[in-house]
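Quick one: sequence plus predicted model below, questions after.
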Amino acid sequence: MVVGGGVIGLTTALALVDCGHRVTVVEAGEPGMESSWAGGGIVSPVPPWRYPERINQLVERSRQLFPALSQRLQALSGVDIEYLHSGLLLTGSLPEEGRTWLLQQAARGVMAVEWGQAADFEPALAKLTEPVALLPAVTQVRNSRLVQALAIALQQLGVGIQYFPVAKLDISASGRVIGVIGTEGHQLKADQVVLAAGAWADHVLRRSGLSEIGLRPVRGQMLLFKQAAGMLKRIVNTGEGYLIPRADGHILVGSTVEEVGFDRRPSREAYDHLLAMAQRHVPALGEAAVVCHWAGLRPGATRPLPVLGPSQEVDGLWLNLAHFRNGVGMAPACAELMAAMMQGQPPEPALQSSPKANPNRCNKLENKL
């Protein structure tokens, strides 16, 4: 059983199906409609030097897995997740640590970096005097379509999705997880349970008498501009936020980072802030209409790395949590590692696998906006 129907839970369910397991997903609402659909879908930490190397490794592994995953999901669901090689343009004033990190990555052959003037890469950007850096290998996915495709594909593969909020884990007298108990008396049994409930996971752990991870909701707000295709070709990180060109010509602008508890209501203050930032960096957006403004709740955590592996307190419980702003980017890699660990395989070699690895790893694996 996988508790949580966001991108982390759904990719984990897919990886476990590929290992031959019978899997049920339990989700309180519509799959992927909390944190997963609400972000930008950038398959990269932004900016990458502010994150531990482990996170960059997980994202890089996901970039290797996404092409085959995209093809597979389209074949199973009929949904194009719009996995695109956009590249990431860093236009904000780069700190010394950022320049040093980029130069080191390029020197080691880990990451390609191109330097130049903003207008050479993106003519629509406001004039900048400082050089900018382009990371051409960075990709994006239309995250709302990704979760839609995953949910349909899993159902095609025989995975049941049960809709109810989980109150707590069902733990036997011998100290093993045997299923979950819902807030309204629902009860489901399972041999093993993966907790992938994002910002809500600590509620489940606390009610189950287990230690909390230290998760909290962190609100992020976004704007979507309607625009003709071609204004931007690359993802642009301005130092204040980011602009993401979608395949259909829309431009997504984000994001705020707000500690407001479980309040996902969009605010006028954030709308004005994002609008001003976008128009300052891409003046032509002053003529574009905003077609949508929304907010989501990321799973923030005090620790820098995701929590991935078996519970240390109770048998049969596995944790795939605390991905904060990189859940979409790390999801395929974390799912692969989780499935490997649950199969009793050492997890680390997965990070070194070839980009041409078989997507069926364990067997040798209407758009909302």
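Received, thanks. Numbers count the residues shown, from 1 in each chain.

Tell me the confidence at the spatially closest residue to Leu252 that is not a sequence neighbour?
Spatial nearest neighbour of Leu252, excluding adjacent residues (CB to CB, 6 or more residues apart in numbering): Ile244 at 4.3 Å. From N, CA and C alone the C-beta is placed, and that goes for glycine too. We have a pLDDT of 97 for Ile244.

In contact with Ile244, which residues are there?
Shown in contact with Ile244 (CB atoms under 8 Å, 6 or more residues apart in numbering): 40-42, 86, 140, 235, 251-254.

Which of these are buried? Put it as a ChimeraX command.
Buried subset of those, written as a ChimeraX selection, criterion 16 or more other CB atoms under 10 Å:
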select :40,41,42,86,140,235,251,252,253,254
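
just curious, which of the contacts of Ile244 is nearest to Val79?
Using CB to CB, Gly41 comes nearest to Val79 of the contacts of Ile244, at 14.0 Å.

Tell me what Asp315 is bridged to.
Beta-bridge partners of Asp315, counted by DSSP bridges, are Arg176.

So Pro47 is in contact with Gly98, correct?
Yes: between Pro47 and Gly98 there is a contact under CB atoms under 8 Å: 6.0 Å.

Need the residues touching each of the two.
By CB under 8 Å, 6+ apart, Pro47 and Gly98 have these common neighbours: Leu90.

ok, back up a step: can you confirm the residue nearest to Leu252 is in a helix?
No: assigned with DSSP: H, G, I helix; E, B strand; the rest coil, Ile244 falls outside any helix and is strand.

That one and Glu259: what is the separation?
Distance from Ile244 to Glu259, counting by CB to CB, to the nearest Å: 24 Å.

What ranges does the stretch 201-350 of the chain have for its helices?
201-207, 268-281, 327-342 (DSSP state H, counting those that start in this stretch).

Convert the second one to PDB, retaining C-alpha atoms only.
Extracted as PDB, the C-alpha positions of helix 268-281 are listed here (Å, rounded to 0.1, in the frame of the first residue of the first chain):
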ATOM      1  CA  ARG A 268      -3.400  39.400  -3.900                       C
ATOM      2  CA  GLU A 269       0.000  40.300  -2.400                       C
ATOM      3  CA  ALA A 270       1.700  37.300  -4.100                       C
ATOM      4  CA  TYR A 271      -0.200  38.000  -7.300                       C
ATOM      5  CA  ASP A 272       1.200  41.500  -7.500                       C
ATOM      6  CA  HIS A 273       4.700  40.400  -6.500                       C
ATOM      7  CA  LEU A 274       4.900  37.700  -9.200                       C
ATOM      8  CA  LEU A 275       3.300  39.900 -11.800                       C
ATOM      9  CA  ALA A 276       5.800  42.700 -11.200                       C
ATOM     10  CA  MET A 277       8.700  40.300 -11.200                       C
ATOM     11  CA  ALA A 278       7.700  38.700 -14.500                       C
ATOM     12  CA  GLN A 279       7.100  42.000 -16.300                       C
ATOM     13  CA  ARG A 280      10.300  43.500 -15.000                       C
ATOM     14  CA  HIS A 281      12.400  40.700 -16.500                       C
END
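
Let's check: the centremost residue of this protein is which one?
For the chain, Val328 is the residue whose C-alpha lies nearest the centre (CA atoms, centre = their mean; 1.6 Å).

Pro304 versus the nearest residue to Arg303 once chain neighbours are set aside, what's the distance?
Distances taken as CB to CB, 6+ apart place Ala322 nearest to Arg303, at 6.2 Å, with adjacent residues excluded. Counting by CB to CB, the separation of Ala322 from Pro304 is 9 Å.

neighbour-wise, which of those two wins?
Neighbours were counted for Ala322 and for Pro304 using other CB atoms under 10 Å; Ala322 has more, 23 against 12.

residues contacting that one?
Contacts of Ala322 (CB under 8 Å, 6+ apart): 213-215, 299, 301, 303, 305-307.
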